[in-house]
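A.B. asks: Here you go, sequence then predicted model.
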Amino acid sequence: IIIVDRETFGILDVNATALGCYGYSKDEFLKMSFADLGTKFDQEVLEGLETISSNQSEFYSRKLYRKKDRTSFYVNLHVSAVMFMGRDCLIVVTPDVSESVEKETQLIQASKMATLGTMASGIAHEISQPLNVIQVASDFLAKTVKQNAEINRDDVYTAAGQIGKNVQRAAQTIKHMKDFVRKSDVKGDKIDINDPIRDIFKILGQQLKVHGIGVDLDLAEDLPPVFADHNRLEQVFMNLVTNARDALDENGQRGEKDSKMLRISSFLEDGLVVVTVSDNGTGMTEDVKDKVFEPFFTTKKPGEGTGLGMSISYGIVAGYNGTITVDSEAERGTTFRLTFPAAS
């Protein structure tokens with residue numbers, strides 16, 4: 001527990017737990033500003049501390065703070081405005097949540113690897129297609145040289161161009177895969193919400209075509225940025241799209257005649273950046289809808305799903321002060337709605 005002067009943000013008092021957690025002596029604490037404990041200037045927290053009203057409380061999730069020995073760790077901030085010894089003060093409780101953050105990161109990594117396993121055929125196509133073009137172009141060049149045929153400069157230039165273009169395409173696919181599986185950043189940054197949406201189709205685009213699923217992207221341009229991690233949001237949209245694919249496939253197996261459609265929209269509404277992911281698949285019963293964000297809940301057959309994808313997605317979105325809700329009706333389809341505050 002840390003007691004902070006409301007006007008100067010100077011530290012007025014701390015309890016024994018804070019001394020042990022941060023490693024400073026009480027005298028050292030009393031010479032510091034509360035802002036000195038953070039790893040960097042946090043505009044969101046500063047503005048919240050300045051505007052919090054009397055007898056009001058605020059909560060800030062997973063902020064990176066630093067101990068005296070310069071070790072960084074994650075804390076949740078619970079802030080309350082009170083009077084202390086006749087002064088307008090803030091009581092700040094900073095429990096260490098580093099262990100839970102690390103466990104969440106491990107779950108996200110496990111979910112990514114499970115996703116890659118199911119996407120293997122689509123990834124193979126994305127790499128084999130440019131390799132086929134390279135093979136044809138190189139065979140043409142080798143055959144021309146072997147037969148001592150007259151070399152047409154335009155033909156050679158075209159073949160070389162195709163080789164270079166498809167090497168770049170394969171390299172970009174591989175790079176994107178490496179970026180996707182890397183350990184993502186909890187802290188995040190200002191990003192365009194449309195970027196992770198577009199990026200998932202670098203992996204899933206071909207697979208959705210093979211499954212006969214039409215894709216309608218209606219992404220608003222010039223949206224304000226949101227504060228999140230690109231890699232983590234890509235995992236969220238990957239989970240939503242793969243679930244939609246499975247629901248659409250199940251509808252196809254039941255002989256539904258409507259074309260299978262996946263629609264993703266992004267737009268600004270009441271100052272929030274909103275994304276909707278909709279499909280006209282099997283939909284959910286009320287019972288399934290009530291449990292969809294619970295850990296280990298799945299409607300898939302044993303061995304086909306971990307039941308972690310949606311609970312992980314919920315945690316990721318909530319960690320960036322966002323919301324995710326579901327609207328679904330059995331046999332009619334499903335829409336997930338995500339909202340994020342615009343980054344200042």
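C.D. replies: Happy to help now that I have it.
A.B. asks: ok, and the closest non-adjacent residue to Met238?
C.D. replies: Ile200 (5.1 Å; CB to CB, 6 or more residues apart in numbering). C-beta here means a position set from N, CA and C on the backbone, and glycine is covered the same way.
A.B. asks: Please report how far that neighbour lies from Lys103.
C.D. replies: Computed as CB to CB, to the nearest Å, the Ile200 to Lys103 distance reads 25 Å.
A.B. asks: cool, Ser25 as well?
C.D. replies: For Ser25 relative to Lys103 (CB to CB), the value is 32 Å.
A.B. asks: With Met83 instead?
C.D. replies: Going from Met83 to Lys103 by CB to CB gives 39 Å.
A.B. asks: now the helices: where do they sit in the stretch 1-150 of the chain?
C.D. replies: For the stretch 1-150 of the chain, the helices defined by DSSP state H, counting those that start in this stretch cover 16-22, 26-30, 43-51, 98-118, 120-146.
A.B. asks: what pLDDT, on average, does the longest strand belonging to the chain get?
C.D. replies: Identified as the longest strand of the chain according to DSSP state E is strand 72-84. Average pLDDT, strand 72-84: 86.
A.B. asks: buried residues in it?
C.D. replies: Of all the residues in strand 72-84, those buried under the rule 16 or more other CB atoms under 10 Å are 73-77, 79, 81.
A.B. asks: Could you identify the helix or strand that succeeds the helix or strand harbouring Arg232?
C.D. replies: Using DSSP states H and E, Arg232 sits within helix 230-253. Going down the chain from helix 230-253, the next helix or strand is strand 260-269, by DSSP H and E.
A.B. asks: Could you tell me how far that following strand lies from the centre of the chain?
C.D. replies: Computed by CA atoms, centre = their mean, to the nearest Å, the chain-centroid distance of strand 260-269 equals 17 Å.
A.B. asks: I'd like to know which elements it is packed against.
C.D. replies: helix 194-210, strand 213-219, helix 230-253, strand 272-279 (3 or more CB pairs under 8 Å, 6 or more residues apart in numbering; DSSP states H and E).
A.B. asks: Give the other helices and strands that the following helix or strand past the shortest one contacts.
C.D. replies: Read that as strand 213-219. Next in sequence after strand 213-219, counting helices and strands by DSSP H and E, comes strand 226-228. Contact here means 3+ CB pairs under 8 Å, 6+ apart; on that basis strand 226-228 packs against strand 189-191, strand 333-341.
A.B. asks: Contacts for the last one next, please.
C.D. replies: Yep, that's strand 333-341 we're talking about. Contacts to strand 333-341, defined as CB atoms under 8 Å, 6 or more residues apart in numbering, come from residues 193, 226-228, 236, 240, 244, 247, 269, 271-281, 283-284, 317, 320-328.
A.B. asks: Can you give the strand pairings for that strand, parallel or anti for each?
C.D. replies: Strand pairing for strand 333-341, using DSSP bridges, gives strand 272-279 (antiparallel), strand 323-329 (antiparallel).
A.B. asks: Then the first one?
C.D. replies: On the basis of DSSP bridges, the sheet neighbours of strand 189-191 come out as strand 226-228 (antiparallel).
A.B. asks: Quick one: mean pLDDT for the partner strand?
C.D. replies: For strand 226-228, mean pLDDT rounds to 92.
A.B. asks: Asp229: neighbour count?
C.D. replies: 19 (other CB atoms under 10 Å).
A.B. asks: How about the one 3 residues further on?
C.D. replies: Counted with other CB under 10 Å, residues neighbouring Arg232 total 24.
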